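>>> sequence first, predicted coordinates after that:
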Amino acid sequence: MAMKLDHEDLNRLIEKISTSDIQEFSLEGEDFKLEIKRNLFDQNQLANNLVSNTSFDRQPTVQKSINDNVSLVNEPEVPQVAPPGRSELTEITSPMVGTFYRAAAPGEEPFVEVGNNIKVGQTICILEAMKLMNEIESEFNAEIVEILVENGTPVEFGQVLMRVKQS
């Protein structure tokens with residue numbers, strides 16, 4: 001579709017552009033090319049100053065949260081190395097990211113306590129992920145030696161929840 005612009009149309013167009021905040025505009029016809037580049041230098045300068053000031057203010061917090069995340073990611077790796085004398089213990093790790101609960105509901109007895117003997121298939125805790133309660137069952141017959149996570153605490157995938165001595 002060919003577009004014909006007379007002088008008046010062009011003037012109207014240029015006026016529209018100059019009152020808008022369009023900075024660059026180009027239009028090509030069969031026998032003409034119109035390019036408008038406006039120099040909104042002052043406004044840009046102002047915007048850049050605002051942007052750089054706010055980003056400086058935010059810098060430390062951004063940095064900090066990145067470091068926090070990094071340390072959270074690395075934490076589950078640390079307990080994987082069993083301390084000397086505990087090598088006979090088996091670690092029960094979290095199969096997912098979620099919230100660790102020791103009992104079926106607040107005020108109820110915990111599923112297991114330190115010193116309890118557990119059987120294969122016995123529920124040892126609940127992990128809540130996205131409002132779903134996932135019962136975690138023991139994979140072996142064992143005695144609970146340590147419970148490493150507080151009730152209601154968020155846990156990472158692979159985090160050690162308990163240490164048990166297989167029987």
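That came in fine, so what should we check first?

>>> please count neighbours and contacts with C-alpha atoms only from this point.
OK.

>>> any low-confidence regions in this protein?
1-3, 5, 32, 38-86 (pLDDT under 70).

>>> now the helices for it?
7-19, 41-74 (DSSP state H).

>>> buried residues, the first one. List them.
So that's helix 7-19. Across helix 7-19, burial judged by 16 or more other C-alpha atoms under 10 Å covers Ile17.

>>> run through the neighbouring helices and strands of that helix.
The helices and strands touching helix 7-19, judged by 3 or more C-alpha pairs under 8 Å, 6 or more residues apart in numbering; DSSP states H and E, number zero.

>>> let's see that helix as PDB, backbone CA atoms only.
Taking C-alpha atoms only, helix 7-19 is exported to PDB below (Å, rounded to 0.1, in the frame of the first residue of the first chain):
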ATOM      1  CA  HIS A   7       3.500  18.900   3.100                       C
ATOM      2  CA  GLU A   8       0.700  19.500   5.500                       C
ATOM      3  CA  ASP A   9       0.600  15.800   6.600                       C
ATOM      4  CA  LEU A  10       4.300  15.900   7.200                       C
ATOM      5  CA  ASN A  11       4.100  19.000   9.400                       C
ATOM      6  CA  ARG A  12       1.200  17.500  11.400                       C
ATOM      7  CA  LEU A  13       3.300  14.300  11.900                       C
ATOM      8  CA  ILE A  14       6.400  16.200  13.000                       C
ATOM      9  CA  GLU A  15       4.300  18.300  15.400                       C
ATOM     10  CA  LYS A  16       2.800  15.100  16.900                       C
ATOM     11  CA  ILE A  17       6.200  13.500  17.300                       C
ATOM     12  CA  SER A  18       7.700  16.600  18.900                       C
ATOM     13  CA  THR A  19       4.900  16.800  21.500                       C
END
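
>>> any idea what the residue lying closest to Val145 once chain neighbours are set aside is bridged to?
Using C-alpha to C-alpha, 6 or more residues apart in numbering and skipping the chain neighbours, the partner closest in space to Val145 is Val164 (5.0 Å). Each beta-bridge partner of Val164 is listed here, defined by DSSP bridges: Thr90, Ile144.
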